[in-house]
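Engineer: how does the following fold in three dimensions:
(chains A and B)
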There are 2 protein chains.
Amino acid sequence: MKKQMNIVVVGLGNIGSYFYDYLVKNKNTIFNKTNTIPNILFVSAKSFTKKRNIMPPKKIWLKNFLSSTKIKEVDIIVELIGGAEGPAKKLVFEALKNKKHVITANKALVAKYGDILSKIAEKNKVNFEFEAAVCGGIPIVRAIKEGLIANNINKIYGILNGTSNYILSSMDGDKLEYKDALLKAQKLGYAESDPTSDVNGDDVASKLKILTALAFNSFINNRTILVEGIKNVDQIDITNANNLGYKIKLIGVAETVKNKIIQRVHPALIKKNSYIAKIDGVLNAVIVESKPVGKTVLQGDGAGPGPTTSSLISDLCSVLRGNIKFPFALPNKKRKILAFENINNKKFSAYLRIDVKDRHGILSDVTKVMAENKISVKRLIQNPTINKKNASIIMTTHEAKNSSFIKLLLILKRKNYIINIPKIIRIENV
Amino acid sequence: MKKQMNIVVVGLGNIGSYFYDYLVKNKNTIFNKTNTIPNILFVSAKSFTKKRNIMPPKKIWLKNFLSSTKIKEVDIIVELIGGAEGPAKKLVFEALKNKKHVITANKALVAKYGDILSKIAEKNKVNFEFEAAVCGGIPIVRAIKEGLIANNINKIYGILNGTSNYILSSMDGDKLEYKDALLKAQKLGYAESDPTSDVNGDDVASKLKILTALAFNSFINNRTILVEGIKNVDQIDITNANNLGYKIKLIGVAETVKNKIIQRVHPALIKKNSYIAKIDGVLNAVIVESKPVGKTVLQGDGAGPGPTTSSLISDLCSVLRGNIKFPFALPNKKRKILAFENINNKKFSAYLRIDVKDRHGILSDVTKVMAENKISVKRLIQNPTINKKNASIIMTTHEAKNSSFIKLLLILKRKNYIINIPKIIRIENV
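Structural biologist: Just a heads-up that it's a prediction; the model follows:
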């Protein structure tokens, strides 16, 4: 008799519907590649009668999604509800506790509870798979856990959010202001009606925390991470960056510096001719720097039902093939408790834009405050006048401590010649 | 008691020595990630006394490398001899027949005998792993077999040879002629003393055949493949390409057109702003176009002991974890017998350089011959005179059948006004 595994799909939104449909249509192909029949035993979602592109037969409808964790015949639960708390959390915890394999696309949940969930999965000898939680269709989780397993990773970074990258690309290419670029992204379906977590850096932060744990064999660290979004980037900053030879990108970076890990998410000026600067639109790209392999780049579509389903099926096949693996590549007791470094000691050079009243002596005062905070000017671009009364001081700086920039910002904000909150955008050499 | 698997490393050249050393030093890390101790039982190579960076203890030296296939305690044989025939072939066949897992970096062997070897491995329920055979450290084999397993691939292509890419980059960047760029590459260790298989396209062809079989679930096809190298690309062609907005790259492409597979390796003009055009130096890049994920890009170091070891260890961990997988992702009886299309019906636009004696009426004769062969001029760049007597007709064409270009070449070669063999380099829209 052919081997079969029974699957419950919970959540039938955009992703869930696409995944269900794809799985039904590709049952045979998946059997051929895994020697195990992927049998959808049940589906569950908030409402059975809701209009959807797919029509699962009524007999496989499960009214109480949580009951799937108690049904003996169920082998695999695919969680596509979303959100770090509430029903998704309940489902995944219950499923693993009841020795069901879990596959999820839920980055918020994995970033928040991944360590505990991973322990339960290991104890109960079931899979806890989350390839789809990080960068949609890019097989980066599997690449770190398997393809690059030999390597000692010292840095992992990239463009991990398609929405914000689309907005920045569009501000650059179409000369749009942030709010217009966001509207355009929403119109095209690249941004949600509530884009908060995409534009404020939280989405990137979740992915980065997961990647950090995988890359450095450490536990997830939710506290020591810098998270800045793109809302404060203006069209004029993009233009200035261009004139200076840079693009502005929202990046996520995790790296080891003196055996401590730094995690950070922020917009950055990136040299135009660098690889990252050329990743435009909704694309994602992840770069892994490690030994002995060197630099590895993975690029692809970071979101959407198709790419996400690609990753979900890859997780499913791994479970169907019977490969029980540690969710974070190592047994929990072998994962390291590494120190995480606060960002404040890290040095950056930066781009500054300080909008001021056009009066004598201001530039001299600004540079004096900078000097007092150990920040020196590298290049001064004085300064397209905004209007008759005001001016914009635009400059790049030499490297200085992150804390120095924060102090500078605090002091400048209090000066009476300052019009807007000064912009400080870090320059990244990648 | 801890689980242990016994390994024999055969071949201790650059790659073999690095791999041996890395494995010895990272035994613990690998145990942590796989729960199985990777124990080097024996090593073997042509001569024990040869000077090497590594010094395996004499007691693990195996005089007759083939005997490793008969030793009961041996679980895994790592073949790092190289070459499609001779000792490497003997070793791998004997090993699989005797139910030993095999890991190899030998692309020529896999491209030639991969199908038969895969059958033996499947029958004997052992692994036959060859991540290191394709693009060094880029985990492309694993990406196709696992990370992208859900996808229906319709095209896979890229820059698959670092040596030829370095030479072309250097001809472009340093304005060198082919032979000088080759010398430079040899001096820097990027080209071997006999660079034949790298520059004539054979190395790319081997990799492409393996990728084709993996991507399209087909058997390896060694017959229907176009292979052209870079030896006929002159510095002036690179300059002309630049002026036309292109870079010249040696590409490998496998694609399905009307359910038939086309495999081809040749230099091509690629638009400057495309991703592929920007892959410079010894880098490799593979692009997979598939549904539902879209376009996936993997980029990294394509050769060298470090990157190759990264892939070898990834294969090793897969074996240590006990994941028996079909070498080509599917059971042999499920792999498809797909039709392969001869290149001749495929249409290309092309760049032509025809060096002629500078006489009246030649351009008109050339375009007449072109018209007779259904090739029409898209853009004519007439023509920096080479010297007083001679001229160069440089043009790009509209799309025409590959066979038409071959005929054109044959006819032009016979014309008495032709000085050199005309250059025809395909233009690729990627």
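Engineer: can you pull out the helices in the stretch 301-430 of chain A?
Structural biologist: In the stretch 301-430 of chain A, the segments counted as helices under DSSP state H, counting those that start in this stretch are A:305-320, A:362-372, A:402-414.
Engineer: deepest of those, which one?
Structural biologist: Burial of these is given as mean neighbour count (mean count of other Cβ atoms under 10 Å in any protein chain shown); helix A:305-320 ranks first at a mean of 26. For the C-beta atoms, the positions are set from N, CA and C on the backbone; glycine is no exception.
Engineer: do it and chain B meet at all?
Structural biologist: Yes - using Cβ under 8 Å from any Cβ of the partner chain, helix A:305-320 reaches chain B at A:305-307, A:309-314, A:317-318.
Engineer: switch the helices of the stretch 301-430 of chain A over to TSV; also include mean pLDDT.
Structural biologist: Formatted as TSV, the helices of the stretch 301-430 of chain A follow (pLDDT from 0 to 100):
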stretch	mean pLDDT
helix A:305-320	96
helix A:362-372	95
helix A:402-414	96
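Engineer: and of those helices, who's closest to A:Lys33?
Structural biologist: Nearest to A:Lys33 among these is helix A:305-320; the distance by Cβ to Cβ comes to 6.1 Å.
Engineer: for the closest one, packing partners?
Structural biologist: strand A:3-10, helix A:14-25, helix A:27-34, strand A:36-44, strand A:76-79, strand A:101-104, strand A:128-129, helix A:140-142 (3 or more Cβ pairs under 8 Å, 6 or more residues apart in numbering or on different chains; DSSP states H and E).
Engineer: can I get these in JSON lines with mean pLDDT?
Structural biologist: Shown next, in JSON lines, are the helices and strands packed on helix A:305-320 (pLDDT from 0 to 100):
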{"stretch": "strand A:3-10", "mean pLDDT": "97"}
{"stretch": "helix A:14-25", "mean pLDDT": "96"}
{"stretch": "helix A:27-34", "mean pLDDT": "94"}
{"stretch": "strand A:36-44", "mean pLDDT": "97"}
{"stretch": "strand A:76-79", "mean pLDDT": "98"}
{"stretch": "strand A:101-104", "mean pLDDT": "98"}
{"stretch": "strand A:128-129", "mean pLDDT": "98"}
{"stretch": "helix A:140-142", "mean pLDDT": "96"}
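Engineer: between those, which one is nearest to A:Thr296?
Structural biologist: helix A:140-142 (9.8 Å).
Engineer: outside of the closest one, which residues touch it?
Structural biologist: A:130-131, A:133-134, A:210-211, A:214, A:286, A:298, A:311, A:314, A:318, B:142-143, B:146-147 (Cβ atoms under 8 Å, 6 or more residues apart in numbering or on different chains).
Engineer: so what strands line up beside the next helix or strand after it?
Structural biologist: Next helix or strand after helix A:140-142 toward the C-terminus (DSSP states H and E): strand A:152-159. Sheet pairing of strand A:152-159 (DSSP bridges) gives strand A:246-257 (antiparallel), strand A:283-291 (antiparallel).
Engineer: quick one, what contacts the closest residue to A:Gly294 other than its chain neighbours?
Structural biologist: Distances taken as Cβ to Cβ, 6 or more residues apart in numbering or on different chains put B:Asp301 closest to A:Gly294, at 4.3 Å, once the chain neighbours are dropped. The contact partners of B:Asp301, by Cβ under 8 Å, 6+ apart, come to A:293-295, B:136-138, B:162, B:282-284, B:307.
Engineer: could you rerun that using 6 Å?
Structural biologist: Contact analysis of B:Asp301 by Cβ atoms under 6 Å, 6 or more residues apart in numbering or on different chains lists A:294, B:136-137, B:307.
Engineer: out of the residues you listed, which comes closest to B:Asp198?
Structural biologist: Among those, and counting by Cβ to Cβ, the member closest to B:Asp198 is B:Gly136, at 13.0 Å.
Engineer: quick one: contacts for the closest residue to the closest one other than its chain neighbours?
Structural biologist: Take B:Gly136 and drop its neighbours on the chain: the residue closest to it by Cβ to Cβ, 6+ apart is B:Pro307, 3.7 Å away. Contacts for B:Pro307 (Cβ under 6 Å, 6+ apart) come out as A:293, B:136-137, B:301.
Engineer: pull the number of nearby residues for A:Lys25.
Structural biologist: 9 (other Cβ atoms under 10 Å in any protein chain shown).
Engineer: any idea how far it is from chain B?
Structural biologist: For A:Lys25, the distance to chain B (Cβ to the nearest Cβ, to the nearest Å) stands at 11 Å.
Engineer: near chain B, which residues of the stretch 151-300 of chain A?
Structural biologist: For the stretch 151-300 of chain A, the residues in contact with chain B (Cβ under 6 Å from any Cβ of the partner chain) are A:151, A:292-294, A:296-300.
Engineer: please read the previous query as pertaining to the stretch 1-150 of chain A.
Structural biologist: So the stretch 1-150 of chain A meets chain B at A:32-33, A:137, A:139, A:142-143, A:146-147, A:149-150 (Cβ under 6 Å from any Cβ).
Engineer: against A:Asn429, how distant is the closest residue to A:Gly147 other than its chain neighbours?
Structural biologist: Spatial nearest neighbour of A:Gly147, chain neighbours left out: B:Pro139 (2.5 Å); criterion: Cβ to Cβ, 6+ apart. From B:Pro139 across to A:Asn429, the span is 26 Å (Cβ to Cβ, to the nearest Å).
Engineer: these two: which is more packed in?
Structural biologist: B:Pro139 (28 against 10).
Engineer: pretty sure the more buried one sits against A:Lys145.
Structural biologist: No - using Cβ atoms under 6 Å, B:Pro139 is not in contact with A:Lys145, being 10.6 Å away.
Engineer: need the helices of the stretch 301-430 of chain A in TSV (columns: distance to B:Val10).
Structural biologist: Below are the helices of the stretch 301-430 of chain A laid out as TSV (distance: least, Cβ to Cβ, whole Å):
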stretch	distance to B:Val10
helix A:305-320	31
helix A:362-372	63
helix A:402-414	52
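Engineer: tell me which element A:Asn242 falls in.
Structural biologist: Using DSSP H and E, the element containing A:Asn242 is helix A:235-244.
Engineer: coming back round to it: return the subset of the contacts of B:Asp301 lying in helices.
Structural biologist: Among those, the members found in helices (DSSP state H) are B:Pro307.
Engineer: among the contacts of B:Asp301, which lie within strands?
Structural biologist: Residues of the contacts of B:Asp301 located in strands (DSSP state E): A:Gly294.
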